[in-house]
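In: fold the following, please.
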Amino acid sequence: VPVLTVAVPVLTTDNLTWTCSGEAPARQCLVTRGLIPMLAEGSARATDSDTTDEILAAAISHSKRAGLIVQGDSIIAIHRIGNASVIKIVDIK
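Out: Coordinates of the predicted model:
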């Protein structure tokens, strides 16, 4: 069973320039068999839930194009919103 891991870079600013954390977490997933790393776009959104929904939709779209999932499959999404860990079961349509 393939496991798609989505690494989300963190955008930070010092009021003059923006910096983005590296792609090291996604690269580190390459050493574990069965993990398929994906680097998401960084976001400067105000709320975590908006960003999480966008990243989950992009990961599902990528997985469909790669042939990892098809219509009728169910996936499990594990992520964090603030300090809370969230588990979602998503049916693919």
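
In: only C-alpha atoms for contact and neighbour calcs from this point on.
Out: OK.

In: output the lowest mean pLDDT helix or strand found in the chain.
Out: Least confident helix or strand, the chain: strand 18-20 with a mean of 75, by mean pLDDT, DSSP states H and E.

In: what packs against that one?
Out: Of the remaining helices and strands, those touching strand 18-20 by 3 or more C-alpha pairs under 8 Å, 6 or more residues apart in numbering; DSSP states H and E are strand 11-13.

In: strand partners of the strand it packs on, parallel vs antiparallel please.
Out: Using DSSP bridges, the strands paired with strand 11-13 are strand 18-20 (antiparallel).

In: who touches the partner strand?
Out: 9-13, 42 (C-alpha atoms under 8 Å, 6 or more residues apart in numbering).

In: residue 59 belongs to a helix, doesn't it?
Out: Yes: under DSSP: H, G, I helix; E, B strand; the rest coil, residue 59 falls within a helix.

In: was I right to think it contacts residue 6?
Out: Yes: applying C-alpha atoms under 8 Å as the test, residue 59 and residue 6 come out as touching, 7.4 Å apart.
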